[in-house]
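>>> missing the sequence, but the structure's below:
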């Protein structure tokens, strides 16, 4: 506003009051507040806002999570201290405007024609010349030229030594919008902050403080929530979320608070007729659209509308934005497959968002009862398989390194064409949680269809993680010749049966050793029985699996000298693979199925089955749920907002653009020309001042001096 950073000085009141008003209205205080707001905004941008508390604990630890919650860094823009800083900024900037606006307006009206001749000679831009006409005629000529060039001009007649009224001062000014830009820019700050306060949580917090409204922290039906947790339809400002499933309607928005939620009643109900979503080839959504019908509660009028991203619908002063989409309660049919010996498969039905009790029916006897929570259904999962199975993917062997490809992959545009992308939709997936009696839950993510990850063996991906902060770890179950997991489950059941293991060993030894070599047959039978027993394990001991490939490795480290481990390991793995193949054939025979052919497909299946049988021992659930069928129900998430401060913010943005443009691109200039008789001739002294020194200002002065008084004198300090 001004070069003076001091605040407003008042003459009355106590010393503390005068000092407080001076500080509050000073520019240095306003700049300090702006700095704090900028720092808080950076924190609010970097730190995810309104996340569940457990997410902050997992990412930053309990100490920092508690600190963030205490000072509300997880909800910066609705924190009381942030709103208080905005309020102080409004007051400070308003006082600053009130202090400086009269000075600016007074300066805009003044031509400063009373300046003395000696003062003109002290300016940076100055020139002198003799004029042919009389002082009065030359003054009017100069004034006319300036007025024709867009300057505002004022003439003043003065007394000189040559006689009364013989001297003339021509005062002109241009670029007054520069000072108006200061007022516009500072007023824009006030308007934007006021609009932000109106559209923020300030009024909602006022109702909580003065109106007895409290956040709701429980669960259950919306209809059962008490009035002290609900806001009236006449609430002047709010911004909340509205979840509507296809074929249903809702009239209550949810306003998230740091310690719960508030329910905002709407004067209308939104019915979702159809939700439309389109995807790019990458699987990312490219279009959200909702076909809705707005039901007015007072008149009963039905108004159809279409809501898209960046194309909201408006009704009775409330904007309806397309925020995102969600599951509206899709119906799921799943088959529970036992992951522990002795269990039997069984069917389960449920809806996304619901839960059911999962008994020990599919697990071993004595298993605890678990709560099954259906969390999500995704019908499209697009993955990139471009790097799967690529030859030459390793740089360890120089024969596999393509120098040209290696160089081009690190040069050129950001969208490298060297890296091939193979985007493939791998089908639907289901997510669920299994929660034990203590309330601890694990999250699972299983794909419905087998996926070929690049090695030619389709596998079912069964994902699990302990917390949302961790990535999913996948158990890869190979698909059998019928495209299901039954072949793997039969092998796992047979592996847990000592009689089946003994029969598989007998068959393997009978095929590998001639029956006449009984001594070798007995040795091979003992080795095969021990390897298969180690692989089968004894279940979990002290929370750790006792079987799988790890058990075989531990046995070799404990019983085989280090120098002989490589050769012994190759022999033992070959024996293990042979006995497991016979075990697979035995399991198919018991199921009344033909034996597996000895081809590449079978070898790929067996290789993956060995790895899966080893990994399955650490699968942390008694059953794995296989998605067999579903009926999808879409839901649309709307953001509904009554924002009276929106137009104020728009006005503030317009003023800010105009103010910044005026301050940067409009130069305030003033020109004075003193014309008076001197030694029988008419002498002119000219000067120019500007708020910024630029090369354009130097050129303009030279042109004006030549045009007005015919002087070619360059400004002081220029060549």
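Cool, the structure landed. All figures in this text were calculated on a predicted structure; none of them were measured in a lab.
>>> which residues of the stretch 501-650 of the chain fall in helices?
Per DSSP state H, counting those that start in this stretch, the stretch 501-650 of the chain carries helices over the ranges 518-536, 548-559, 565-590, 600-615, 646-665.
>>> Now do the shortest one and helix 565-590, the angle between them.
By that I understand helix 548-559. Interaxial angle of helix 548-559 relative to helix 565-590 (axes from the mean of the first three to the mean of the last three Cα atoms, to 10 degrees): 140 degrees.
>>> what's the offset of helix 548-559 from the middle of its chain?
How far helix 548-559 lies from its chain's middle: 47 Å, per Cα atoms, centre = their mean, to the nearest Å.
>>> With the longest one instead?
Distance of helix 565-590 from its chain centroid, counting by Cα atoms, centre = their mean, is 50 Å.
>>> For that helix, list every residue counted as buried.
Using 16 or more other Cβ atoms under 10 Å as the test for burial, helix 565-590 gives 572, 575-588. Just so you know, the C-beta spots here come from the backbone N, C-alpha and C atoms, and that holds for glycine as well.
>>> same question, the fourth one
Applying a neighbour-count criterion of 16+ other Cβ under 10 Å, the buried positions in helix 600-615 are 602, 605, 606, 608, 609, 610, 611, 612, 613, 614, 615.
>>> Same check on the shortest one?
Across helix 548-559, burial judged by 16+ other Cβ under 10 Å covers 548, 549, 550, 551, 552, 556.
>>> now, among these, which is nearest to residue 114?
Compare each of these with residue 114 using Cβ to Cβ and the shortest gap goes to residue 550, at 98.0 Å.
>>> confidence score at the closest one?
For residue 550, the model assigns a pLDDT of 85.
>>> What sits closest to it if chain neighbours are left out?
Setting aside the residues directly before and after it, residue 550 is nearest to residue 614 in space (Cβ to Cβ, 6 or more residues apart in numbering), at 7.2 Å.
>>> how near is that neighbour to residue 435?
Per Cβ to Cβ, to the nearest Å, residue 614 is found 28 Å from residue 435.
>>> Also residue 487?
Using Cβ to Cβ, we find residue 487 at a distance of 31 Å from residue 435.
>>> neighbour-wise, which of those two wins?
Neighbours around residue 487 and residue 435, counted as other Cβ atoms under 10 Å, are more numerous at residue 487. The numbers are 23 against 15.
>>> Residue 333 is nearest to which of the helices of the stretch 501-650 of the chain?
Residue 333 sits nearest to helix 600-615 of all the helices of the stretch 501-650 of the chain, at 24.5 Å, using Cβ to Cβ.
>>> mind listing the strands for the stretch 601-719 of the chain?
Assigned by DSSP state E, counting those that start in this stretch, the stretch 601-719 of the chain shows strands spanning 623-631, 634-642, 669-678, 681-690.
>>> Pick the most deeply packed of the ones you listed.
Most buried of the strands of the stretch 601-719 of the chain, by mean neighbour count (mean count of other Cβ atoms under 10 Å): strand 669-678, with a mean of 23.
>>> Residue 186 and residue 94, how far apart?
Using Cβ to Cβ, residue 186 is found at 9 Å from residue 94.
>>> Quick check: phi and psi at the closest residue to residue 696 other than its chain neighbours.
Using Cβ to Cβ, 6+ apart and skipping residues adjacent in sequence, the residue nearest residue 696 is residue 667, 7.8 Å away. Main-chain dihedrals, residue 667, degrees, to the nearest 10: phi -100, psi 130.
>>> Distance-wise, check residue 667 relative to residue 594.
Applying Cβ to Cβ, the value for residue 667 to residue 594 is 93 Å.
>>> Looking at those two, which one has more neighbours?
A count of neighbours by other Cβ under 10 Å puts residue 667 above the other of residue 667 and residue 594, at 18 against 9.
>>> Wait, that one touches residue 694, no?
Yes - with contacts counted by Cβ atoms under 8 Å, residue 667 reaches residue 694, the gap being 7.2 Å.
>>> State which strand of this protein is the longest.
In the chain, taking DSSP state E as the definition, the longest strand is strand 260-279.
>>> residues in contact with the residue nearest to residue 274 when sequence neighbours are not counted?
Distance criterion Cβ to Cβ, 6+ apart; nearest residue to residue 274, sequence neighbours excluded, is residue 291 at 4.4 Å. With contact set as Cβ atoms under 8 Å, 6 or more residues apart in numbering, residue 291 has these partners: 272, 273, 274, 275, 276, 304, 306.
>>> With residue 146 instead?
Counting by Cβ under 8 Å, 6+ apart, residue 146 touches 153, 170, 172, 671, 708.
>>> same check, this time on residue 79
71, 72, 73.
>>> Out of those residues, which end up buried?
With burial judged by 16+ other Cβ under 10 Å, the buried subset of the contacts of residue 79 is residue 73.
>>> need the contacts of residue 79 in JSON lines with secondary structure, can you?
Formatted as JSON lines, those follow (DSSP: H, G, I helix; E, B strand; the rest coil):
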{"residue": "71", "secondary structure": "coil"}
{"residue": "72", "secondary structure": "coil"}
{"residue": "73", "secondary structure": "helix"}
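>>> What is the helix ranked longest in the chain packed up against?
Using DSSP state H to define each element, the chain has its longest helix at helix 80-109. In terms of contacts (3 or more Cβ pairs under 8 Å, 6 or more residues apart in numbering; DSSP states H and E), helix 80-109 is packed against helix 15-24, helix 27-46, helix 177-199, helix 202-210.
>>> hmm, try it at 7 Å
If you count contacts as 3 or more Cβ pairs under 7 Å, 6 or more residues apart in numbering; DSSP states H and E, helix 80-109 packs onto helix 15-24, helix 27-46, helix 177-199.
>>> So what touches the last one?
Spelled out, that is helix 177-199. Helix 177-199 is contacted by residues 1, 83, 86-87, 89-90, 93-94, 96-97, 101, 104, 107-108, 237, 643-646, 648-649, 651-652, 655-656, 658-660, 662-663, 666-668, 691 when judged by Cβ atoms under 7 Å, 6 or more residues apart in numbering.
>>> could you flag which of those are buried?
Among these, those that count as buried by neighbour count (16+ other Cβ under 10 Å) are 1, 83, 86, 89-90, 93-94, 96-97, 101, 104, 237, 643, 645, 648-649, 652, 655-656, 658-659, 662-663, 666-668.
>>> mind listing the strands for the stretch 351-500 of the chain?
Using DSSP E, counting those that start in this stretch, strands in the stretch 351-500 of the chain cover 355-358, 370-378, 382-384, 423-425, 429-435, 441-447, 451-452, 458-465, 473-478.
>>> Relative to residue 639, which of those strands is closest?
When the strands of the stretch 351-500 of the chain are compared by Cβ to Cβ, strand 370-378 sits nearest residue 639, at 21.1 Å.
>>> For the closest one, buried residues please.
370, 372, 373, 374, 375, 377, 378.
>>> now the helices: where do they sit in the stretch 301-450 of the chain?
Along the stretch 301-450 of the chain, the stretches classed as helices by DSSP H, counting those that start in this stretch are 403-408.
>>> Once you drop chain neighbours, what's closest to residue 379?
Spatial nearest neighbour of residue 379, excluding adjacent residues (Cβ to Cβ, 6+ apart): residue 428 at 4.9 Å.
>>> Would you mind confirming that the one you found makes contact with residue 626?
No - if you go by Cβ atoms under 7 Å, residue 428 and residue 626 don't touch, sitting 11.5 Å apart.
>>> Since that was my last question, I'll sign off now.
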